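K.L.:
only geometry, no sequence info:
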Ligand SMILES: O=C(O)CCC(=O)C(=O)O
Ligand SMILES: [Fe+2]
């Protein structure tokens, strides 16, 4: 197996304390991080450690349900519902070793919430947490709009969760334990294969002790799938929100802000890697379908939110087909329309 090359890169920790009085300083820090590696951690946010602990408890209870029960709310191409071992990334051509449950704000969730009988209180807890994640996201949206010289509310309006065509997603993730007694995970399998997210900004909630997230900066243009091979392990402390720029913001900033490849590697090293069950939660800020997108320099043609997503998916499929042909694999993956 080819060993991964690692380097230490600093992932800045940016405080949101006293947001309204410190907004200029925060904007500067965010822009700087977005222009370099595209990853940063937020600290001093309005989401407390007990609130993060509570939503992970909720998520763990969901994934502990029998598969038959979770299968009552299957994943659909509207990016909602539950999937297991179904997402294939173009970088790997093999399914991620995980299960996930995607939730949205709007009517696409009809019939997609786990029932109150199966998991009392789930919908209420998830919706409260989604509202909090949205509120933190809107602070970032305001700063990035200013950083790019746009009107303050351009990104906030484009991601208005009260509109029926809002597409933002909260995704709960569970990577099952990797049983070391069964020998090494075959080459080419990942907990989450390398990818860049398609959205504006992603908020990632991680569990202390459940390491695995790695980043590989260096992408120059949003239309490219190429990535380097020097990785950095992402460190975080309890309460941190790890954030990354997605392809939408890279495109909307004419490639000034970087949407960076990241992955969760399958554990291989008993000394350093975490083999136990891993949980994470991602909040993807996706544009309303009718949003009009174009950077200040007009580097790319103007597109709508739905056109942007469609083009991202088509690039994804083309790259996936090429990877499968390279590996001599056929067949379609079922969870292809996922948000990242
Ligand atoms: O589980 C993680 O830490 C990363 C998940 C991720 O990158 C994604 O779902 O897009
Ligand atoms: Fe991601």
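P.N.:
Structure's in. What do you need? What you are looking at is a predicted structure, and each value in this text was computed from that prediction instead of being measured. Ligands and ions are numbered 1, 2, ... in the order given.
K.L.:
and the stretch 51-200 of the chain, which of its residues are near ligand 2?
P.N.:
residue 197 (Cβ under 5 Å from the ion). (Each C-beta comes from the backbone N, C-alpha and C, glycine too.)
K.L.:
what's the spacing between the residue in the stretch 51-200 of the chain that ligand 2 sits nearest to and ligand 1?
P.N.:
Closest contact between the stretch 51-200 of the chain and ligand 2, by Cβ to the ion, is at residue 197 (4.5 Å). Counting by Cβ to the nearest ligand atom, to the nearest Å, the separation of residue 197 from ligand 1 is 5 Å.
K.L.:
now swap in residue 200 and tell me
P.N.:
To ligand 1, residue 200 is 13 Å away according to Cβ to the nearest ligand atom.
K.L.:
And for residue 182?
P.N.:
Residue 182 is 22 Å from ligand 1, by Cβ to the nearest ligand atom.
K.L.:
Torsion angles phi and psi at that residue?
P.N.:
Residue 182 adopts backbone torsions of phi -90, psi 10, taken as degrees, to the nearest 10.
K.L.:
What is the burial count for it?
P.N.:
The number of residues packed near residue 182 is 7, by other Cβ atoms under 10 Å.
K.L.:
before we move on, back to that, on the pLDDT front, check the residue of the stretch 51-200 of the chain closest to ligand 2 for me.
P.N.:
pLDDT for residue 197: 95.
K.L.:
and the helix or strand hosting residue 42, what does it pack onto?
P.N.:
Assessed by DSSP states H and E, residue 42 sits inside strand 39-43. For strand 39-43, the contact count by 3 or more Cβ pairs under 8 Å, 6 or more residues apart in numbering; DSSP states H and E identifies strand 13-15, helix 19-35, strand 241-245 as packing neighbours.
K.L.:
Next, the angle strand 241-245 makes with the helix or strand just after it.
P.N.:
Per DSSP H and E, the first helix or strand lying C-terminal to strand 39-43 is helix 49-63. Here helix 49-63 points in a direction 80 degrees away from that of strand 241-245 (axes from the mean of the first three to the mean of the last three Cα atoms, to 10 degrees).
K.L.:
hang on, the earlier thing: surely the residue of the stretch 51-200 of the chain closest to ligand 2 is in contact with residue 244?
P.N.:
Yes. Contact status for residue 197 versus residue 244: in contact at 6.4 Å, counting by Cβ atoms under 8 Å.
K.L.:
what touches both of the two?
P.N.:
Common neighbours of residue 197 and residue 244 are listed as residue 259 (criterion: Cβ atoms under 8 Å, 6 or more residues apart in numbering).
K.L.:
Residue of the stretch 1-150 of the chain nearest ligand 1, please.
P.N.:
The nearest approach of the stretch 1-150 of the chain to ligand 1 comes at residue 100, 7.1 Å away (Cβ to the nearest ligand atom).
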